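Enquirer: Build me a model from this:
(2 chains)
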Protein chains: 2
Amino acid sequence: MKNRVLTTLLSFLLISLCSTSVYAADDERAQKAIETRQGLLKVVGHYFGPIVGMAQGKVPFDAAMARTNANKIAQLMPMIPDVFALDTRANGLESDTLDGVWENNDDFNSKAAIATERALALAAAADQGKGAFGKAVGAMGSACKSCHEDYRQK
Amino acid sequence: MKNRVLTTLLSFLLISLCSTSVYAADDERAQKAIETRQGLLKVVGHYFGPIVGMAQGKVPFDAAMARTNANKIAQLMPMIPDVFALDTRANGLESDTLDGVWENNDDFNSKAAIATERALALAAAADQGKGAFGKAVGAMGSACKSCHEDYRQK
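Expert: Reported below is the predicted structural model:
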């Protein structure tokens, strides 16, 4: 009898230890995913910042830099579906991502595809004069905003 | 006399206020740069992780995924010189980046170029059997390690 109680207690202890470590590993993976998606969008900001500055006249217009940066954004945008693939809703970790990313995943991913097209159009517009460039910057900004409104908190 | 003292005091106050805000803006910019470069390398890790897992036999080999991920890494590597361009040495902010990045910037950037070539070779090797793939993963890992040894703390 004493042995059976001990075995039961040990089993409970082992199960609870194992499930804690499974949860910890899962949370760690989710935290890494959150930091990776935030990281990707920081790199996007690095390339989009000077373009916005040029459009606003705060930075001297530089067609070559605008084209280069827009092409980098066009490479980064298709990475959005990849880094947002892991559904981190259940982990309850701090994040600005709204549940819709996984509830309406096709729409989320299609917004990333639209943003890619806009970035390529922006790269092409860099050599088409300030008017076309300004318009393309606006279209790129709208693509960003449209996704942020639906899928980002704040 | 009293007025002159007051004017001098006010000037000091203004100068110190302005320089504080200049420093604050400069630190904020540096902090953003640090987070952006860390972010970029997290995205690299996102794509390299499964490749390493495949090479180690921990993840089933998937040639298409290996090729896709290696091509993403080949797009990300040339962004390294861009996101590390801002010299943040003077800001004294927490970062794993060693001073050599800016002291030997040409070497640092050439290591990023080598890593890009290795990523493209890895993408090509994905369809050349496990032997070639494993060798290419090793070469990619060496390129990463070579840069980390010289330019990353720890």
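
Enquirer: what's around the residue in chain A that chain B sits nearest to, how many residues?
Expert: Closest residue of chain A to chain B, CB to the nearest CB: A:G39 (2.5 Å). All C-beta atoms are positioned from the backbone trio N, CA, C, and that covers glycine. A:G39: 23 surrounding residues under other CB atoms under 10 Å in any protein chain shown.

Enquirer: Now do the contacts for it.
Expert: By CB atoms under 8 Å, 6 or more residues apart in numbering or on different chains, the contact set of A:G39 is B:35-36, B:38-43.

Enquirer: mind showing which ranges of chain A have poor pLDDT?
Expert: A:1-2, A:12-22 (pLDDT under 70).

Enquirer: spatially speaking, which residue is in the middle of it?
Expert: The centroid of chain A falls nearest to A:R37 when counting by CA atoms, centre = their mean (4.0 Å).

Enquirer: ok, then the element right after the longest helix anywhere in chain A?
Expert: Using DSSP state H, we find that the single longest helix of chain A is helix A:2-55. Once the chain leaves helix A:2-55, the next helix or strand it forms, by DSSP states H and E, is helix A:63-76.

Enquirer: Buried residues, the helix or strand just after that next one. List them.
Expert: Downstream of helix A:63-76, the first helix or strand assigned by DSSP H and E is helix A:80-83. By 16 or more other CB atoms under 10 Å in any protein chain shown, the buried positions in helix A:80-83 come out as A:80-83.

Enquirer: Can you spell out which helices and strands pack onto helix A:80-83?
Expert: helix A:2-55, helix A:105-125, helix B:2-55 (3 or more CB pairs under 8 Å, 6 or more residues apart in numbering or on different chains; DSSP states H and E).

Enquirer: quick one: the last one to helix B:105-125, angle?
Expert: Using axes from the mean of the first three to the mean of the last three CA atoms, to 10 degrees, the interaxial angle of helix B:2-55 with respect to helix B:105-125 works out to 30 degrees.

Enquirer: any idea how far helix B:2-55 is from the chain center?
Expert: Taking the mean of its C-alpha atoms, helix B:2-55 sits 16 Å from the chain's own mean (CA atoms, centre = their mean, to the nearest Å).

Enquirer: quick one: the longest helix of chain A to helix B:63-76, angle?
Expert: 50 degrees.

Enquirer: Give me the distance between the residue of chain A closest to chain B and A:K58.
Expert: From A:G39 across to A:K58, the span is 26 Å (CB to CB, to the nearest Å).

Enquirer: where does chain A come near chain B, residue by residue?
Expert: A:32, A:35-36, A:38-43, A:45-47, A:72, A:75, A:79, A:82-83 (CB under 8 Å from any CB of the partner chain).

Enquirer: Could you rerun that using 7 Å?
Expert: A:35-36, A:38-40, A:42-43, A:46, A:72, A:75, A:79, A:82-83 (CB under 7 Å from any CB of the partner chain).

Enquirer: ranking the contacts of A:G39 by neighbours, who comes first?
Expert: So for the contacts of A:G39 (other CB under 10 Å), the most neighbours sit at B:V43, 26 neighbours.
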